[in-house]
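Q: With the sequence up front, the predicted model follows.
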Amino acid sequence: MHKLWIAAGLAVALAGVAPADARAQAFITPYGGVVFGGDTPSSTLTTGISLTFMGDVAGFELDLGYTPDFFNEESAVALIADSNVTTFMGSLLVGIGEGPVRPYVQAGTGLVRSRTDLGDLFDAVSVNEWGVTIGGGVTGLLSDHVGLRGDIRYIRSLEDPEPDDDRDVVLGKFDFWRATVGVVFKFP
């Protein structure tokens, strides 16, 4: 029940910062980059897409990221036949300044899904966990409708140490960093 209240509170917060004036803008950003640090054995390529709604100061974003070969099964001593990590996060954004170049910070929560296949020895294992993200970046518009975005985020899973008690949620053990560059498409 506690998780339901957290989700409801996040939905209300997102609705509270949703752009309502004529200056509100929407952005779609396909991106590519790398994940590194934390539980990644080495830097690994990642891709994804973000949908951002931004007002004068604040906004929100839905972000879908996918990282194949997350646990680097291409290494010489690979025990993992295949792996990937998918994230789907909703974040609050705060933009800094005005104009065509705009730094921002973000924080949010959502799903972190990891999948590991150990080949013919065992069945594939998929783990779905709540996660949190925090980070920032900068968006620079090159024209009225196209620009570039650089972004770095820290992503960490959440866990419930006592599943029968809905009041406790703590930081999990699975974490990594993600750095990306994307092409921004602005819709008035």
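A: Here it is on my side, so go on. Numbering: from 1, shown residues only.
Q: got any ranges where the protein has weak pLDDT?
A: 1-23, 72-81, 118-124, 160-170 (pLDDT under 70).
Q: what's stretch 152-160 in contact with?
A: 38, 87, 89, 106, 109, 112, 129-137, 168-180 (Cβ atoms under 8 Å, 6 or more residues apart in numbering). Where C-beta positions appear, they are placed from N, C-alpha and C, glycine not excepted.
Q: Check which residues of it are buried.
A: 153, 155-158, 160 (16 or more other Cβ atoms under 10 Å).
Q: now do stretch 48-66
A: Quick answer for stretch 48-66 (16+ other Cβ under 10 Å): 48, 50, 52-55, 58-63, 65.
Q: hmm, back to that, which of the contacts of stretch 152-160 are buried, as a ChimeraX select command?
A: Of the contacts of stretch 152-160, the buried ones go into a single ChimeraX selection, burial set by 16+ other Cβ under 10 Å:
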select :87,89,106,109,112,130,131,132,133,135,136,137,172,174,175,176,177,178,179,180
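Q: now, among the buried residues of stretch 48-66, which is nearest to Thr29?
A: Ser50 (4.5 Å; Cβ to Cβ).
Q: Isn't that closest one up against Ala26?
A: No - look at Ser50 against Ala26 with Cβ atoms under 8 Å: they stay out of range, at 11.0 Å.
Q: In JSON lines, list the buried residues of stretch 152-160 along with distance to Val94.
A: Formatted as JSON lines, these follow (distance: Cβ to Cβ, whole Å):
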{"residue": "Arg153", "distance to Val94": "15"}
{"residue": "Ile155", "distance to Val94": "19"}
{"residue": "Arg156", "distance to Val94": "20"}
{"residue": "Ser157", "distance to Val94": "24"}
{"residue": "Leu158", "distance to Val94": "22"}
{"residue": "Asp160", "distance to Val94": "29"}
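Q: Sort out for me which of those residues are in strands.
A: 153, 155-158 (DSSP state E).
Q: Take those residues and lay them out in TSV including distance to Ser42.
A: Shown next, in TSV, are these (distance: Cβ to Cβ, whole Å):
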residue	distance to Ser42
Arg153	19
Ile155	17
Arg156	19
Ser157	20
Leu158	25
